[in-house]
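# okay, sequence plus prediction incoming.
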Amino acid sequence: MTARTFDNIRNFSIVAHIDHGKSTLADRLIQTTGALSAREMTEQVLDNMDIERERGITIKAQTVRLDYKAQDGRTYILNLMDTPGHVDFAYEVSRSLAACEGSLLVVDASQGVEAQTLANVYQAIDANHEIVPVLNKIDLPAADPDRIKEQIEEVIGIDASDAVPISAKTGLNIEGVLEAIVQKLPPPKGDPDAPLKALLVDSWYDAYLGVVVLVRIVDGTMKKGQTIKMMGTGASYALDRVGVFSPKMTELAQLGPGEVGFFTASIKEVADTRVGDTITDDRKPTAEALPGFKPVQPVVFCGLFPVDAAEFENLRSAMGKLRLNDASFSYEMETSAALGFGFRCGFLGLLHLEIIQERLEREFNLDLISTAPSVVYHLKLRDGSTIELHNPADMPDVMKIESIEEPWIRATILTPDDYLGSVLKLCQERRGVQIDLNYVGKRAMVVYDLPLNEVVFDFYDRLKSISKGYASFDYHISDYREGDLVKMSVLVNGEPVDALSMLVHRDRAEGRGRAMCEKLKELIPPHMFQIPVQAAIGGKIIARETIRALRKDVTAKCYGGDASRKRKLLDKQKEGKKRMRQFGKVDIPQEAFIAALKMDT
Ligand SMILES: Nc1nc2c(ncn2[C@@H]2O[C@H](COP(=O)(O)OP(=O)(O)OP(=O)(O)O)[C@@H](O)[C@H]2O)c(=O)[nH]1
């Protein structure tokens with residue numbers, strides 16, 4: 001039994017910064033190789049979720065098999081693994097990369113290398129990929145391919161002399177990309193006679209087929225009817241279907257070494273398929289499992305509650321359905337004094353949180369209230385134990401706490417020189433520690449260590465606004481460090497609103513408290529009575545604002561009527577329908593919970 005090279009196969013991904021044209025190039029490759037007829041070709045085939053399309057970001061890794069007749073007269077099988085570009089989904093990038101031998105590095109020839117170009121290409125280099133640089137958007141007048149080539153060599157340190165200049169939009173030189181894939185990227189190797197060894201790359205729930213599993217075969221073959229075993233979970237399944245995406249699902253008799261394809265096997269839940277697991281033959285198992293991936297850990301948590309308590313069961317079922325397709329989203333039931341029954345949910349980052357919330361509201365027609373997002377803190381208690389704190393409302397009595405550790409990230413920011421001062425100031429304000437400052441062409445590259453809790457809320461928005469959209473940003477979690485953190489509570493009309501409580505650094509507490517009270521004053525509509533809004537640490541009030549009472553009482557004629565009619569009238573005063581929640585006697589609009597945290601301090 002010896003490994004063979006499969007000369008007619010190339011497995012590759014496309015890595016790029018957001019908006020540099022990865023999806024447009026993928027579409028062109030599909031179109032040029034004729035995998036879809038013009039009519040079947042809807043724009044951006046690989047981004048297939050509504051929200052993805054609207055936001056123009058790729059979330060779930062997809063794959064497609066292309067047949068390409070090259071200039072040497074031979075027909076090659078090209079497996080393209082799509083990878084998401086956003087920092088929140090970095091783990092999905094790494095798993096797609098593990099299934100390939102090479103990458104196309106797409107760089108916008110008018111913009112040049114950006115923070116996510118760097119982060120993604122370093123992941124590809126770590127995965128031992130051969131890399132072909134592609135300079136996109138050369139149709140733009142501002143494109144400067146020669147300068148960008150130099151930049152790629154200088155900053156990334158890879159040879160860019162053969163970089164392929166293209167325009168994915170106009171279709172210019174797509175053939176050049178296909179030839180480079182065939183000529184420059186290495187073919188896969190594997191042993192067809194060895195026991196089956198395959199990498200579980202991805203899985204998702206399909207309403208008709210059940211769980212569909214994407215695999216990369218390393219050794220052996222995978223056939224319909226075969227009984228396979230997942231080495232991590234120990235579960236066995238008989239294969240119902242085996243095939244490839246071309247890009248339509250196409251069944252095949254078998255998949256061999258070096259191939260990328262799917263199987264179905266009456267698996268009920270995505271959670272039963274562990275991404276990174278090794279799949280082998282149940283009767284003739286392989287001796288050694290593949291290295292696999294680190295499991296993904298949610299880093300941001302928040303509570304999601306139905307506006308209408310009667311919607312709780314609908315919310316539970318909607319979450320169950322979403323989780324079927326997104327194993328990185330976690331949830332468990334939670335009760336809150338003010339918000340009633342809901343769920344504590346874990347996400348990979350803030351964008352992931354927003355996407356899940358949007359899907360719940362849009363696809364399942366739910367009105368939700370989300371509490372302040374929080375990172376995961378490690379608390380050392382005086383009795384010697386350690387606990388993970390996902391919700392500031394659950395913080396134990398301070399007397400029991402020995403120390404609190406918070407997650408830190410290492411962030412890389414690329415910015416035009418003009419905005420460098422503001423970027424450094426922002427990082428400094430957020431308790432950042434500068435690690436490096438360099439130049440990439442005319443732009444500055446700053447590396448900072450920052451506490452994640454200073455970044456989750458609005459760091460990215462602030463960075464974009466102070467740099468007029470020009471700065472790019474990428475990060476990874478580096479470690480946990482002890483911090484002087486305190487719990488800040490917010491009281492509205494004298495009552496604590498646990499959904500607004502948060503952990504802050506002691507030095508930043510007063511500023512944050514003041515900003516929070518000011519923001520709430522703007523967001524909470526006036527009532528018939530005066531409402532004090534306070535921020536407190538323990539029993540000590542650190543900031544206070546007052547919402548003045550309504551002068552004109554539009555609800556006067558409802559006196560004696562029920563509260564909901566009264567509230568309806570108040571709502572009518574405002575534009576459109578606002579979602580409110582009652583805390584004691586005060587109605588707090590839904591936006592307050594996240595908006596209150598997006599502050600300038
Ligand atoms: N002028 C010009 N525009 C292009 C070209 N390629 C892509 N674009 C445009 O650039 C924008 C971003 O392209 P996408 O293909 O969606 O970018 P992406 O890298 O896939 O972005 P994510 O999915 O967010 O990772 C779109 O508006 C495209 O129409 C090109 O060659 N020339």
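Nice, thanks for sending it over. Numbering: from 1, shown residues only.

# where do the helices of the stretch 201-350 of the chain begin and end?
Per DSSP state H, counting those that start in this stretch, the stretch 201-350 of the chain carries helices over the ranges 312-325, 350-363.

# next: the chain.
Using DSSP state H, the helices assigned to the chain run over residues 22-32, 50-55, 90-97, 115-126, 145-151, 174-184, 312-325, 350-363, 420-429, 459-466, 506-523, 563-573, 591-595.

# before we move on, the earlier item: figure out which of the helices of the stretch 201-350 of the chain is closest to the ligand.
Among the helices of the stretch 201-350 of the chain, the nearest to the ligand by C-beta to the nearest ligand atom is helix 350-363 (11.2 Å). (C-beta placed from N, C-alpha, C; glycine too.)

# isn't residue 203 up against residue 275?
Yes - with contacts defined as C-beta atoms under 8 Å, residue 203 counts as touching residue 275 at a distance of 6.9 Å.

# any idea how far residue 250 lies from residue 390?
Shown here: residue 250 relative to residue 390, a distance of 43 Å by C-beta to C-beta, to the nearest Å.

# between these two, who's got more neighbours?
residue 390 (22 against 12; other C-beta atoms under 10 Å).

# excluding its backbone neighbours, what's nearest that one?
In space, and not counting its chain neighbours, residue 390 is closest to residue 301: 4.4 Å by C-beta to C-beta, 6 or more residues apart in numbering.

# cool, residue 103 as well?
Take residue 103 and drop its neighbours on the chain: the residue closest to it by C-beta to C-beta, 6+ apart is residue 124, 4.2 Å away.

# shouldn't that neighbour be in contact with residue 94?
No - taking C-beta under 8 Å as the contact criterion, residue 124 and residue 94 are not neighbours in contact, 9.4 Å apart.

# more neighbours: these two, which one.
Legend: neighbour count by other C-beta under 10 Å for residue 124 and residue 94, higher for residue 124 (26 against 19).

# give the contact list for the more buried one.
Residues near residue 124 by C-beta atoms under 8 Å, 6 or more residues apart in numbering: 13, 15, 97, 103, 105, 131.

# do that again at 10 Å, thanks
Taking C-beta atoms under 10 Å, 6 or more residues apart in numbering as the criterion, residue 124 is in contact with 12-15, 83, 93-94, 96-97, 100, 102-105, 130-131, 158.

# any idea of the pLDDT on whatever residue of the stretch 451-600 of the chain ends up closest to the ligand?
Residue nearest to the ligand within the stretch 451-600 of the chain (C-beta to the nearest ligand atom): residue 472, separated by 12.4 Å. Looking at residue 472, its pLDDT is 83.

# correct me, but it touches residue 446?
No - at 11.3 Å, residue 472 and residue 446 do not qualify as touching, with contact defined as C-beta atoms under 10 Å.

# joint contacts of these two?
Counting by C-beta under 10 Å, 6+ apart, the residues touching both residue 472 and residue 446 are 115, 412, 413, 414, 415.

# what is the mean pLDDT for stretch 243-255?
The predicted model gives stretch 243-255 an average pLDDT of 89.

# over to stretch 171-184?
Mean per-residue pLDDT for stretch 171-184: 97.

# what distance do you get for residue 157 to residue 392?
Distance, residue 157 to residue 392, by C-beta to C-beta: 43 Å.

# so if I had to pick from the two, which one is more boxed in?
Comparing residue 157 with residue 392 by neighbour count (other C-beta under 10 Å), the higher total belongs to residue 392, at 22 against 10.

# distance of that one from residue 503?
Look at residue 392 and residue 503: by C-beta to C-beta, they are 5 Å apart.

# likewise residue 266?
From residue 266 across to residue 503, the span is 45 Å (C-beta to C-beta).

# what do you get for residue 375?
Residue 375 sits 8 Å away from residue 503, taking C-beta to C-beta as the criterion.

# check contacts around residue 463.
Neighbour list for residue 463: 411, 413, 415, 419, 422-423, 426-427, 455, 469-473 [criterion: C-beta under 10 Å, 6+ apart].

# 8 Å - rerun?
Remark: with contacts taken as C-beta under 8 Å, 6+ apart, residue 463 is in contact with 413, 423, 426, 471, 473.

# what are the ranges of the strands in the stretch 201-350 of the chain?
Secondary structure of the stretch 201-350 of the chain by DSSP state E, counting those that start in this stretch: the strands cover 210-219, 222-223, 227-230, 236-238, 241-245, 249-251, 254-255, 260-264, 278-281, 300-306, 330-336, 340-347.

# can you redo those as CSV with distance to residue 22?
Compiled in CSV, the strands of the stretch 201-350 of the chain are given as follows (distance: least, C-beta to C-beta, whole Å):
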stretch, distance to residue 22
strand 210-219, 19
strand 222-223, 29
strand 227-230, 31
strand 236-238, 34
strand 241-245, 17
strand 249-251, 23
strand 254-255, 26
strand 260-264, 18
strand 278-281, 28
strand 300-306, 25
strand 330-336, 28
strand 340-347, 23
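
# near the nearest residue to residue 536 once chain neighbours are set aside, how many other residues are there?
Beyond its immediate neighbours in the sequence, the residue positioned closest to residue 536 (C-beta to C-beta, 6+ apart) is residue 489, lying 5.0 Å away. Residue neighbour count, defined by other C-beta under 10 Å, stands at 21 for residue 489.
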